[in-house]
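Colleague: no FASTA, just this:
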């Protein structure tokens, strides 16, 4: 019946095509659009939630063609392993528009890259945006003043906060990439994702997906309420243009529907790796948080291998400067030590396209195809399981092509990949499932760098499940019970909860060995059995910066984790009657600095839970 209705609707569209307006709908009918006069009005539950400026040719069409998209696919990482991609696709006026039950995706098909007349800004100079709807432009999102929004100012590494605002008149902050501001002095360059709240019960998340060879990633420049999608710099000598833009993605629904959405991977190309049996996500023992230069010290690396053995973790990461190993040792010695103890080693590389001068090495080993193949073949030969590649330089086509080349070459040599100092994920984890994680987040390593993270970490942590982590794996490097260079004021249970709240195919644990090994046996056992991929994910409760409670299932085991993002005690309801199980372990804060844990085995799940200021909790239900 649904299929019959859809094709009746399609026939109606074709007959009505010469009119000035046309309409489309999602498979369940809850999401609809009205297209006319250069605008796509997106409606959720019969209420407009987004106005998108699009190509005029797509709004006064001669013909609209429609088809149903329906497929199922499996992921190896992510918030859900079995995914369904079902939507209604409309082709009109050089655009492809898909309406899903949880959002919209659209792209423009052109024979050459779109010129928005706002190419990448190299400094803070103001470049006016042409609001005229021409035949060669990308789209613009209209975000009215007064709309609640959580948006990050653009930077190369996407490392910033998502503060709540109701206006575009936001003071620019300086990042590694400089300061971007309009003639009036407001920030005018914004990264993805952007979370909006058009009304009390509806949320919209803006991002993009499926970057291909020959494409740049994009960001948003705004002038007033108009936020124009602008592709970054393109190398004319690079890979050929594929004939269309990446997908511009708008996820729509309740906060739970937005958090649980897989739309970013739904619109991406299927896996290009035929045999994925060697790809194994997992938890990683990680040296950098406690020892900035620890990976040039064989004895320190051995401590982290021993930690992985003690906790039962599968991986250890040998971070930067392993090419300068002390005391006559080499990285091969460290790799062999890990392998001899049943731990799979990963090693770090400088991408050598971003921070190079003054940066750690090894450098310039991956840039040329022949060098990259030689290096990855060597990694495979000595038994390295994966690579962490750091210090990229933003969203340019050169960077995008380079990342794809790295993923392809790494797959040939059975290497997992973690991109650091890099842009946000845009669905590559489906096409190249050896991509385990991406940084693109203001994470716990910043305790090493500046003091500003200390006071803002709790609210920032309670914002990330509703912003950055929705779109893909996030290598935040969570869970530190002791202090790095700058202190943390989040509780022990808050830190433990982050390992479940934050999804990442490789979950790097930040703390030093002595701290982990001093925890109660139940905590050590928790970390040793912690999954890094999930069969199912559900948002239980939350609001950005206030609190977040997420339930994730791995096989027959549920993990329910929550954090308080505020400086006040907080009691929240736990509507988790969808979970059943009799063996429950509860991790909570005691409020006693000398004995920080309260670990119990309750006979039933509580209807509510009280969290300490900046505190948290975890339930494991078997």
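Modeller: Yep, that arrived. Model, not experiment: these values are computed from the prediction.
Colleague: where do the helices sit along the stretch 101-250 of the chain?
Modeller: Counting by DSSP state H, counting those that start in this stretch, the stretch 101-250 of the chain has no helices at all.
Colleague: count of residues packed around the closest residue to residue 21 other than its chain neighbours?
Modeller: Using CB to CB, 6 or more residues apart in numbering and skipping residues adjacent in sequence, the residue nearest residue 21 is residue 36, 3.5 Å away. Where C-beta positions appear, they are placed from N, C-alpha and C, glycine not excepted. Applying other CB atoms under 10 Å, we find 14 residues neighbouring residue 36.
Colleague: list the contacts of residue 36.
Modeller: When contacts are counted by CB atoms under 8 Å, 6 or more residues apart in numbering, residue 36 touches 20-22, 59-60.
Colleague: swap in 10 Å and give it another go.
Modeller: 19-23, 59-60 (CB atoms under 10 Å, 6 or more residues apart in numbering).
Colleague: any idea which of those residues the model trusts least?
Modeller: Lowest in pLDDT among the contacts of residue 36 is residue 19, which has 52.
Colleague: who does the residue nearest to residue 21 bridge with?
Modeller: Using DSSP bridges, the bridge partners assigned to residue 36 are residue 21, residue 39.
Colleague: picking that back up, farthest pair in the contacts of residue 36?
Modeller: 23 and 60 (13.9 Å; CB to CB).
Colleague: common neighbours of those two, please.
Modeller: In contact with both residue 23 and residue 60: 35-36, using CB under 10 Å, 6+ apart.
Colleague: which element is the residue nearest the centre of the chain on?
Modeller: In the chain, the centroid-proximal residue (CA atoms, centre = their mean) is residue 472; its distance is 3.4 Å. Per DSSP states H and E, residue 472 falls between elements, in no helix or strand.
Colleague: double-check residue 615 against residue 462; I have them as touching.
Modeller: No - with contact defined as CB atoms under 10 Å, residue 615 does not reach residue 462; the gap is 11.3 Å.
Colleague: list residues touching both of these two?
Modeller: 494, 547, 562-564, 566.
Colleague: so how far is residue 525 from the residue nearest to residue 528 when sequence neighbours are not counted?
Modeller: Using CB to CB, 6+ apart and skipping the chain neighbours, the partner closest in space to residue 528 is residue 312 (3.4 Å). Distance, residue 312 to residue 525, using CB to CB, to the nearest Å: 8 Å.
Colleague: just residue 224 next, same as before
Modeller: 55 Å.
Colleague: is residue 62 in a helix, a strand, or coil?
Modeller: Using DSSP: H, G, I helix; E, B strand; the rest coil, the structure places residue 62 in coil.
Colleague: repeat for residue 410
Modeller: Going by three-state DSSP, the state assigned to residue 410 is helix.
Colleague: let the chain start at 33 from now.
Modeller: Sure thing, new numbering starts at 33, so read that last one as residue 442.
Colleague: related to what we said a few turns ago, wait, the residue nearest to residue 560 sits on residue 315?
Modeller: Yes - using CB under 10 Å, residue 344 is in contact with residue 315, at 8.8 Å.
Colleague: I'd like the distance between the residue nearest to residue 560 and residue 541.
Modeller: 12 Å.
Colleague: between the two, which has more neighbouring residues?
Modeller: Shown here are residue 344 and residue 541; by other CB under 10 Å, residue 541 has more neighbours (23 against 14).
Colleague: for residue 381, which non-adjacent residue is spatially closest?
Modeller: residue 421 (5.0 Å).
Colleague: likewise for residue 223?
Modeller: The nearest residue in space to residue 223 (CB to CB, 6+ apart) is residue 186, at 4.3 Å.
Colleague: look at that neighbour and report its pLDDT.
Modeller: For residue 186, the predicted pLDDT is 96.
Colleague: next one: residue 281
Modeller: 98.
Colleague: and it, what is it in contact with?
Modeller: Here residue 281 is in contact with 130, 132, 135-139, 224-225, 237-242, 293, 295-296, 298-299, 458-459, 503 (CB under 10 Å, 6+ apart).
Colleague: hmm, 7 Å instead?
Modeller: 135, 137, 239-241, 295-296, 299 (CB atoms under 7 Å, 6 or more residues apart in numbering).
Colleague: quickly note the distance from it to residue 300.
Modeller: 10 Å.
Colleague: need the overlap of contacts for those two.
Modeller: residue 241.
Colleague: mind checking the end-to-end distance for stretch 202-209?
Modeller: One end of stretch 202-209 sits 17 Å from the other (CA to CA, to the nearest Å).
Colleague: mind listing what's buried along that stretch?
Modeller: In terms of neighbour count (16 or more other CB atoms under 10 Å), stretch 202-209 has its buried residues at 202, 204, 207, 209.
Colleague: which one is the third one nearest to, not counting chain neighbours?
Modeller: Spelled out, that is residue 207. Nearest in space to residue 207, with sequence neighbours left out and distances taken as CB to CB, 6+ apart, is residue 187 at 3.5 Å.
Colleague: tally of neighbours for that neighbour?
Modeller: Neighbours of residue 187 using other CB under 10 Å come to 22.
Colleague: show me the shaky parts of the stretch 183-332 of the chain.
Modeller: 208 (pLDDT under 70).
Colleague: go with 50
Modeller: Along the stretch 183-332 of the chain, the model assigns pLDDT under 50 to no residue.
Colleague: which parts of it are strands?
Modeller: With DSSP state E, counting those that start in this stretch as the criterion, the stretch 183-332 of the chain has strands at 196-197, 221-222, 226-231, 234-241, 250-255, 258-263, 279-285, 314-318.
Colleague: got those strands as JSON lines, with distance to residue 213 columns?
Modeller: JSON lines is the format used below for the strands of the stretch 183-332 of the chain (distance: least, CB to CB, whole Å):
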{"stretch": "strand 196-197", "distance to residue 213": "15"}
{"stretch": "strand 221-222", "distance to residue 213": "8"}
{"stretch": "strand 226-231", "distance to residue 213": "18"}
{"stretch": "strand 234-241", "distance to residue 213": "21"}
{"stretch": "strand 250-255", "distance to residue 213": "11"}
{"stretch": "strand 258-263", "distance to residue 213": "15"}
{"stretch": "strand 279-285", "distance to residue 213": "24"}
{"stretch": "strand 314-318", "distance to residue 213": "37"}
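Colleague: and the ones you listed: which comes nearest residue 390?
Modeller: Here strand 314-318 is closest among those (CB to CB), at 23.0 Å.
Colleague: that closest one pairs with which strands?
Modeller: When DSSP bridges is applied, strand 314-318 pairs with strand 347-350 (parallel), strand 538-541 (parallel).
Colleague: the ones you listed: which one's closest to residue 252?
Modeller: strand 538-541 (29.5 Å).
Colleague: quick one: contacts of the following helix or strand past the closest one?
Modeller: Using DSSP H and E, the helix or strand that directly follows strand 538-541 along the chain is helix 545-549. With contact meaning CB under 7 Å, 6+ apart, helix 545-549 is reached by 335-336, 339, 342-343, 513-514, 556.
Colleague: same thing but 8 Å
Modeller: Residues contacting helix 545-549 (CB under 8 Å, 6+ apart): 335-336, 338-339, 342-343, 512-514, 541, 556, 559.
Colleague: likewise stretch 379-386?
Modeller: Counting by CB under 8 Å, 6+ apart, 188, 327, 349-352, 354, 363, 367, 388, 391-399, 407, 411, 416, 419-426, 430-431, 434, 453 sit against stretch 379-386.
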